[in-house]
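Q: Predicted model and sequence follow; I will ask about them next.
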Amino acid sequence: MSETIFKNWTSDLSRDWGKKPIRIDHSLSQNELFSKDALAELIQRYPIEHYSLMRTSSRGEEKKIWRRGEVGGLSGHEVMAQIASGGLWLQLRELKLVDKRYYDLLQSIYGEVEQRVPGFDSFNHEMGVLISSPNAKAHYHADLPGQALWQIMGRKRVYIYPAEEPYLPQAELEKIALTGLESALQYDPEFDRHALVLDLEPGQMLTWELNAPHRVENHDELSVSMTTEHWTEEIRRQQMLTVANGILRKHFGVSPKRGPADGASFWAKAVLQAGWRRSPWYKREQRKMLPVDFRLTPGTTTSIVDIPAYVV
Ligand SMILES: [Fe+2]
């Protein structure tokens, strides 16, 4: 039998999966699919509609920069070298659609989780790779699906906060569910006193309870990580409830109680949010991607040219 994806699994992990933050050892940092050569080859042929290359402010840069660009004619190794020199991150989204080998890996990952966690039955899996500069940060946010972060190269510090008030106000979670804009969440440095702070090394992965807010800081080195997402029937119902409560709060001016994820009041809310998803409100409020307005150019450090902006 080939090597398992999770290593050193214990019964505590089976008990805590999806309920609290847990760190688990994994074998993907030794997997050929995540070698530097494999990633370089992937970057070179990655379709632009499935990646986000972002130029961000790096240390010492006063001005706040947030632009989307294209990798241009650079080789994958050159792209990674520029990311290693600072001020960039590259997210390869929808990896399962771009290369079947990663799709198969994603199936194996969740196959293993289902074997190890009694009653866990998940669907709509997604995966992506994030290659980010030394000291890059992911701001305080919460995600809607079940999430895991897998470290492949470099180290990150991850701060995870309780999925409850005041870290995650219901009204803000509803806003995220309605708009897809994760930046709706307000960060207060005071929250750090109650954060779980973990350094994630290559060969470790982290997962946490649904919607738990988190933020991430790279150490002073290039970071490659993978994210996976999943849905379960329970997560889907929680999401329907959040959307319905968001509609009630935003369009009907009431402050709804969270309520149970079944029974009469749940199904009334399920109907409400289903109707909303078919309405023109829904499309209007969904996230818009930034236009692409720069291209990487050859150089050993991050080097870009402006190009006429276009929407992908
Ligand atoms: Fe996240």
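A: Everything's here; your move.
Q: Contacts only, for M240.
A: M240 sits next to F266, K269, A270, Q273, A274 when contact means CB atoms under 8 Å, 6 or more residues apart in numbering. All C-beta atoms are positioned from the backbone trio N, CA, C, and that covers glycine.
Q: which SSE is the first one in?
A: Pointing back at F266 there. helix 263-277 (DSSP states H and E).
Q: which parts of that helix are buried?
A: F266, K269, A270, L272, Q273, W276 (16 or more other CB atoms under 10 Å).
Q: List the buried residues for stretch 212-229?
A: 212-218, 222-229.
Q: Distance of the residue nearest to S108 when sequence neighbours are not counted relative to K36?
A: Excluding the flanking residues, the one nearest S108 by CB to CB, 6 or more residues apart in numbering is I5, at 6.2 Å. I5 sits 20 Å away from K36, going by CB to CB, to the nearest Å.
Q: what kind of secondary structure is the nearest residue to P169 once chain neighbours are set aside in?
A: Once flanking residues are discounted, P169 sits nearest to Q186: 7.7 Å by CB to CB, 6+ apart. Classification of Q186 using DSSP: H, G, I helix; E, B strand; the rest coil returns coil.
Q: Run through the residues that contact Q186.
A: Per CB under 8 Å, 6+ apart, neighbours of Q186: Y140, P169, E172.
Q: among the residues you listed, who's most crowded?
A: Among the contacts of Q186, Y140 has the most neighbours (other CB atoms under 10 Å), with 22 neighbours.
Q: Can you tell me the SS state at that residue?
A: With three-state DSSP as the criterion, Y140 reads strand.
Q: show me what contacts it?
A: Applying CB under 8 Å, 6+ apart, the residues contacting Y140 are Y161, L185, Q186, Y187, F191, P213, H214, R215.
Q: Let's see stretch 251-259 as CSV, backbone CA atoms only.
A: C-alpha atoms of stretch 251-259 as CSV (Å, rounded to 0.1, in the frame of the first residue of the first chain):
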residue,chain,number,x,y,z
HIS,A,251,-33.6,43.6,3.9
PHE,A,252,-36.2,43.3,6.8
GLY,A,253,-34.3,45.1,9.5
VAL,A,254,-34.7,42.4,12.2
SER,A,255,-31.9,40.9,14.4
PRO,A,256,-32.5,37.2,14.0
LYS,A,257,-31.5,34.5,16.5
ARG,A,258,-29.2,31.8,15.1
GLY,A,259,-31.6,28.9,15.9
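Q: All set, thanks.
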